[in-house]
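**Q** Sequence and predicted structure, then a few things I'm wondering about:
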Amino acid sequence: MLDTAPDFLVAINRMREEFSLAALDIATITHFVGKGSENLIHRVLSTDFNEADVEHHFAQALASYQRHYLAINSDYSVLYPEVIEGLQALKALGLRLACVTNKPMALTTPLLAKKGLKDFFSIVYGGDSFLRKKPDPLPLLQVCLDFQLAPSQVVTIGDSSNDAQAARAAACPVLIVPYGYNHGEAVQTIESDGIVETLLAAARFLSTL
C-alpha cells in the first residue's frame, strides 16, 4: 500500500552515521526489505562487517534504527496509486480487511494512522505479533481464524514472494500487485493466482467472482 523505502533510507543511514559508516543508496536498501527489521539490519551491517562483527553490533544498530525510524515514521513514505480507492471499493463489496506486515507493530500502527489507512482494517498484525512472520503462514492462518473463514475464502493481496509463499502455505488464494520491492526480483517470477495493477483493480476483479 505504501512506498516506505524513503523512510527506510533515512532511518538506516542515520543509524549508519552513528557507526561512522557510509550511506547506502535506496536501491541497495530496497533489496534488503521484506523479511522484518531484524533481517534488514543484519543485511545492512553485512555490507561492512563480517558475521562476528555483525552479531557484536546488531543490538545497538537495531535500537538505533528503530529510534530513528520512529522519529520520521511516514514522513517520507507515499501511498501507491489507487490505494484509498481500492480499499474503499473492497469495503463496499462487504469484505472484511486485515493488514499483515513484517514491520513491527510500534511502527505499523502510527504509519497506518498517519496515512489514513487504519480504519479500513478490522485486524492489523505486525512482524512481532507472532513467533513467526511471513513467509511463514502463521499470521495468515490466524486471520482465517479471526474471520472464522476457511483459507480458501481469504484472499491475500501482496507485493512480494514473502506474501505469496505465506498464502500458498496457508492455502489462501493470492493476488500480486506489481509495485513492491520483492527483494529486487521481478514480480512476474512469483507464483500467484494473478497480477493486478492496483488495489482498485483487485477490487474490480474480486467483484466479478
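**A** Received, thanks. Residues are numbered from 1 along each chain as shown.

**Q** quick one: contacts for residue 199?
**A** Residue 199 is in contact with 1, 82-83, 85-87, 89-90, 157, 177, counting by CB atoms under 8 Å, 6 or more residues apart in numbering. Heads up, the C-betas are built off the backbone N, CA and C, glycines and all.

**Q** now with 10 Å?
**A** Counting by CB atoms under 10 Å, 6 or more residues apart in numbering, residue 199 touches 1, 80-90, 157, 175, 177.

**Q** try residue 7
**A** Counting by CB under 10 Å, 6+ apart, residue 7 touches 68-69, 72-78, 107, 111.

**Q** among the residues you listed, which are in helices?
**A** Judged by DSSP state H, helices contain the following of those: 68-69, 72, 107, 111.

**Q** Narrow these to just the buried residues.
**A** 68-69, 107, 111 (16 or more other CB atoms under 10 Å).

**Q** Using pLDDT, spot the least trustworthy of those.
**A** Lowest pLDDT among those: residue 107, with 91.

**Q** My read is that residue 183 contacts residue 29, right?
**A** No. Using CB atoms under 10 Å as the test, residue 183 is too far from residue 29 to be in contact (11.6 Å).

**Q** Comparing those two, which shows the higher neighbour count?
**A** residue 29 (21 against 14; other CB atoms under 10 Å).

**Q** and the end-to-end length of stretch 138-156?
**A** End-to-end distance of stretch 138-156 (CA to CA, to the nearest Å): 13 Å.

**Q** Mind listing residues that contact that stretch?
**A** Applying CB under 10 Å, 6+ apart, the external contacts of stretch 138-156 come out as 90, 95-102, 122-123, 125-127, 129-134, 137, 163-164, 166-176, 192-193, 202, 205-206, 209.

**Q** same thing but 8 Å
**A** For stretch 138-156, contacts defined as CB under 8 Å, 6+ apart pick out 96, 98, 100, 122-123, 125, 129-134, 163-164, 166-167, 170-175, 206.

**Q** Give the PyMOL command for selecting the buried subset of those residues.
**A** Entered in PyMOL, the line below selects the buried ones among the contacts of stretch 138-156, by 16+ other CB under 10 Å:
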select buried, resi 98+100+125+129+133+134+163+164+166+167+170+172+173+174+175+206
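
**Q** Now intersect the contacts of stretch 138-156 with the strands, please.
**A** Among the contacts of stretch 138-156, the members found in strands (DSSP state E) are 98, 100, 123, 125, 174-175.

**Q** May I see those arranged in a markdown table, with pLDDT as well?
**A** As requested, the ones in strands among the contacts of stretch 138-156 are exported to a markdown table (pLDDT from 0 to 100):
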| residue | pLDDT |
| --- | --- |
| 98 | 98 |
| 100 | 98 |
| 123 | 98 |
| 125 | 98 |
| 174 | 97 |
| 175 | 97 |
